[in-house]
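Colleague: From the sequence below, what's the structure:
(2 chains)
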Amino acid sequence: MTADLHLFDALAWRMAQPQPGLRQGAHRGRMRGAGGAFADLAPLLAYPDARRLDLRRSLTDPMGGFFVRRFERPADITLHVLVDASASLGAGALSDRQGLAALMAGGLAQAARRGGDRAAVQAVGGNEILAALPPSRRAGIGQQARDLIAALIPTGSGVGGLIAAASSLPRRRVLVAVISDFDISAPELALLLEALSPRPVLPIWLRDSGLEEPPGDFGLAEIRDPETGRRRTLLTSGRWAARQAQASLRHRQSLRAVFAGQGLRPVEIRDSIDIGDLIATLDEAPL
Amino acid sequence: MIGFTAPFALWALPLAGLPLLTRWLRSSSVPRLDLRPAEGVSRAVDRGLTAAGVIALAALIMGLAGPYLRGGSLPYRGMGTNLVLLIDRSSSMDDTFAGRAPDGTDESKAAAARRILQDFIAGRPDDRIGIAAFSTAPLQVLPMTTSRSAIAAAITAQSERGLSQTDVGRGLALAMQMTRDASAMGSRAVVLVSDGAAVIAPEVQDLVRELALEQQVNLYWLYLRTEGARSIFDPGAPGEADSPQTRPERHLHLLLQRLGITYRAFEAESPEAVAQAVAEIGTLESRPILTERSLPRRDLAWLCFLAAALAAALLTAARALERPFAPRRPAPLVRQP
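Modeller: This next block holds a predicted model:
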């Protein structure tokens, strides 16, 4: 268990916008200070730090004013890991979705701590919060988050709780990682993303190829919705499997369209995590 | 009309609703059924399985209750008559036509009459037949019925030894009274089988006459004449004594002729002649008759058990075809390079 978490140490994300905040961190800050990248020039009178006097600019100023260089002060953020722990998280065929969710939550928390950010975890099932970790940068938070998610029992249905949790998150200095199977309809997803905006969001989509493309053997399969308890008997065949795969593909495309409408691109994890892929995807993630 | 041998078993019938509450196949978890396409065939299979479960249980319980179709009688039109056989049980009937005790080669008159009458009724399925006997007193053996087995048994039962007297007058009265039970449609006939007669008292003669007019029966006398006895058709030589006391058979014949109803007498001196006479009575008495056929009770439990077996076979086939939605083989969390 512990062995897998260190694989996430190299995980890093780059925020598109400079972040407000005084705390020293690893992300571009909005505050001006001494360290980091050059930001702009300011009059010495407004920003009296004579150590950083820009001689060239001061000498060439036609009005004879003095100017100092200002630098971006790197800021930290809080990574909020939001785990959709509704009953569908426990359903899986070719993947252990709950194990994946736990590993991702733990790994992201670990990576956040490594990058100097704080991490918080909330697992929401149905309309209630099943488990939560307050924001912290303690050592071992990754393992703690992973154990927390791995131990809970997924219950509840719908995205109501997730939407409520999302809208109560702080609006600034956060990155929200939503770990979910996204077994929801496109309008529900739109509502969820609406509630999350304007925060930067990192959707992590736990896909299961077994549920998306069931095998086409002839037979009778009884399926049960873990969230609503509805049951249905299916007559399975090759053609049926093809139709299922097609419908699943259409559904995924409609969800991707909703994500794209909010300027997001989900990180799709199909059955198991490929660390190299994950690092590359996160590097390019539009945050 | 359906009846049940064990109706209390029907109290278990609500159990047939169990398949509505529980499912037959093991289910696998698949989230968001409403987002997945539903197919008509699958829906039909779904409902069919539930229906098969309900049918299997209901049919089994019905079968245990033992349903049957009540028997009864079905009126129908046949060809035949309402017939009363009036059989002489006097001891002389136990002799052969030759007037001797039966010795193995010849059968007695009573045995020949029984045998021929059995054949006669066996060939006439639509007759309603009643049987009366007389010797010292008249005796109703079997009221009019259509049951062939009862009639055959009643005729066979006449093999007991006869008694001494021959009260033919009151026997006739009884037989004519029995024709009152005849069905409304169809003719009535009385077949008198005897080998002799006796003097009939005047009041009995009056009774017979009244009854004959009331019932309008066709009367046939099968006279089993012993060898040497005088014929009933023989008027006798002039001057010979011709009184009911000396020749009771001839005077019975004359009485019956005067009743004002259809009457025929047959004289038979051998079993062959008896068979011939009976065959002739048979042709004379083949007229439309309204009679009834009895329907036996029919067991229906096998139908229920058959339905239950078929439904159970369907459920077994469904179980044989059962498969998970997708195989549950979780991949490792982290893909190994």
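Colleague: ok, now how distant is residue B:77 from chain A?
Modeller: Using CB to the nearest CB, to the nearest Å, one obtains 57 Å as the distance from residue B:77 to chain A. For the C-beta atoms, the positions are set from N, CA and C on the backbone; glycine is no exception.
Colleague: scratch that, residue B:253
Modeller: Using CB to the nearest CB, we find residue B:253 at a distance of 88 Å from chain A.
Colleague: Report pLDDT for that residue.
Modeller: Predicted confidence (pLDDT) for residue B:253: 87.
Colleague: Look up the residues forming beta bridges with residue A:80.
Modeller: residue A:120, residue A:176 (DSSP bridges).
Colleague: Got the confidence number for residue A:86?
Modeller: pLDDT, residue A:86: 92.
Colleague: could you pull out the strands for the stretch 51-200 of chain B?
Modeller: For the stretch 51-200 of chain B, the strands defined by DSSP state E, counting those that start in this stretch occupy B:67-69, B:72-80, B:82-88, B:128-134, B:138-145, B:188-194.
Colleague: wait, the stretch 1-150 of chain A
Modeller: With DSSP E, counting those that start in this stretch as the definition, the stretch 1-150 of chain A shows strands at residue ranges A:24-27, A:32-43, A:67-72, A:75, A:78-84, A:118-125, A:128-136.
Colleague: and those as a markdown table, adding distance to residue B:7?
Modeller: What follows is these, written out as a markdown table (distance: least, CB to CB, whole Å):
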| stretch | distance to residue B:7 |
| --- | --- |
| strand A:24-27 | 83 |
| strand A:32-43 | 93 |
| strand A:67-72 | 92 |
| strand A:75 | 85 |
| strand A:78-84 | 57 |
| strand A:118-125 | 52 |
| strand A:128-136 | 54 |
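Colleague: Residue B:281 is nearest to which of those strands?
Modeller: Nearest of the strands of the stretch 1-150 of chain A to residue B:281, taken as CB to CB: strand A:118-125 at 98.2 Å.
Colleague: helices or strands up against that closest one?
Modeller: Other helices and strands packing on strand A:118-125, by 3 or more CB pairs under 8 Å, 6 or more residues apart in numbering or on different chains; DSSP states H and E, are strand A:78-84, helix A:97-114, strand A:128-136, helix A:141-151, helix A:160-167.
Colleague: Now render these as TSV, adding mean neighbour count.
Modeller: Putting the helices and strands packed on strand A:118-125 into TSV (neighbours: other CB atoms under 10 Å in any protein chain shown) gives the following:
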stretch	mean neighbour count
strand A:78-84	26
helix A:97-114	25
strand A:128-136	15
helix A:141-151	20
helix A:160-167	20
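Colleague: Spell out which parts of the stretch 51-200 of chain A neighbour chain B.
Modeller: Residues of the stretch 51-200 of chain A lying close to chain B by CB under 8 Å from any CB of the partner chain are A:87-88, A:90-96, A:99-100, A:103, A:181, A:183-185.
Colleague: and those, which two are the farthest apart?
Modeller: In those, two members sit farther apart than any others by CB to CB. They are A:103 and A:185, at 27.1 Å.
Colleague: Count the neighbours of residue B:52 for me.
Modeller: Per other CB atoms under 10 Å in any protein chain shown, the neighbour tally for residue B:52 reads 20.
Colleague: residues in contact with it?
Modeller: Counting by CB atoms under 8 Å, 6 or more residues apart in numbering or on different chains, residue B:52 touches B:19, B:311, B:314-315, B:318.
Colleague: Could you give the average pLDDT over stretch A:255-269?
Modeller: For stretch A:255-269, mean pLDDT is 93.
Colleague: Quick check: residue B:69 touching residue B:301?
Modeller: No: in this structure, residue B:69 is not within contact of residue B:301 by CB atoms under 8 Å, at 11.0 Å.
Colleague: which one of those two has more residues nearby?
Modeller: residue B:301 (18 against 14).
Colleague: mind listing what that one touches?
Modeller: Going by CB under 8 Å, 6+ apart, the list of residues near residue B:301 reads B:63, B:66-68.
Colleague: Same question for residue B:144.
Modeller: The neighbours of residue B:144, taking CB under 8 Å, 6+ apart as the test, are B:82, B:84, B:128-130, B:178-179, B:181-182.
Colleague: Check those against chain A and report the nearest one.
Modeller: Distance to chain A across the contacts of residue B:144 (CB to the nearest CB) is lowest for residue B:128, with 61.9 Å.
Colleague: give me the number of residues near the closest one?
Modeller: Neighbours of residue B:128 using other CB under 10 Å come to 26.
Colleague: Correct me if wrong: it contacts residue B:83.
Modeller: Yes: Residue B:128 is within contact range of residue B:83, at 7.0 Å (criterion: CB under 8 Å).
Colleague: Wasn't residue B:319 part of a helix?
Modeller: Yes: according to DSSP: H, G, I helix; E, B strand; the rest coil, residue B:319 belongs to a helix.
Colleague: Report pLDDT for residue 136.
Modeller: Since you didn't name a chain, this refers to chain A. On the pLDDT scale, residue A:136 gets 92.
Colleague: actually chain B
Modeller: According to the prediction, residue B:136 has pLDDT 81.
Colleague: how many neighbours does it have?
Modeller: 13.
Colleague: One more: the one 5 residues further on?
Modeller: For residue B:141, the neighbour count with other CB under 10 Å is 19.
Colleague: ok, now residue B:75?
Modeller: Residues near residue B:75, counting by other CB under 10 Å: 10.
Colleague: wait, it sits on residue B:292?
Modeller: Yes: Residue B:75 lies in contact with residue B:292 (CB under 8 Å); the separation is 4.8 Å.
Colleague: For chain B, tell me whether the helix ranked longest in chain A is touching it.
Modeller: Counting by DSSP state H, the longest helix found in chain A is helix A:238-261. Yes: residues of helix A:238-261 are located near chain B by CB under 8 Å from any CB, namely A:240, A:243-244, A:247, A:251.
Colleague: Out of the residues you listed, give me the one that has the most neighbours.
Modeller: Counting neighbours by other CB under 10 Å, the top entry in the residues of helix A:238-261 next to chain B is residue A:244, with 22 neighbours.
Colleague: which among the contacts of residue B:144 end up buried?
Modeller: If you count burial by 16 or more other CB atoms under 10 Å in any protein chain shown, the buried members of these come out as B:82, B:84, B:128-130, B:178-179, B:182.
Colleague: Make CSV from those and add pLDDT and distance to chain A to it.
Modeller: Listed next are the buried ones among the contacts of residue B:144 as CSV, based on pLDDT from 0 to 100; distance: CB to the nearest CB, whole Å:
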residue, pLDDT, distance to chain A
B:82, 86, 66
B:84, 89, 71
B:128, 85, 62
B:129, 88, 64
B:130, 91, 67
B:178, 85, 70
B:179, 83, 71
B:182, 69, 66
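Colleague: any idea which of the residues you listed is the one closest to residue B:93?
Modeller: Of the buried ones among the contacts of residue B:144, the one sitting nearest to residue B:93 (CB to CB) turns out to be residue B:84, at 18.0 Å.
Colleague: Now do the domain split for chain A, please.
Modeller: A:5-13+A:77-208+A:264-284, A:32-72 (automatic domain parsing).
Colleague: Nearest to residue B:286 among those would be which one?
Modeller: When the domains of chain A are compared by CB to CB, domain A:5-13+A:77-208+A:264-284 sits nearest residue B:286, at 83.4 Å.
Colleague: Quick one: end-to-end length of that closest one, please.
Modeller: Domain A:5-13+A:77-208+A:264-284 has an end-to-end distance of 22 Å (CA to CA, to the nearest Å).
Colleague: how far out from the middle of the chain is it?
Modeller: Distance, stretch centre to chain centre, for domain A:5-13+A:77-208+A:264-284: 6 Å (CA atoms, centre = their mean, to the nearest Å).
Colleague: Quick check: residues of the stretch 201-337 of chain B near chain A?
Modeller: So far as CB under 8 Å from any CB goes, the stretch 201-337 of chain B lies against chain A at B:318, B:321-335, B:337.
Colleague: let's see 10 Å
Modeller: Residues of the stretch 201-337 of chain B lying close to chain A (CB under 10 Å from any CB of the partner chain) are B:317-337.
Colleague: Which of those fall within helices?
Modeller: In helices, defined here by DSSP H, the members of those are B:317-320.
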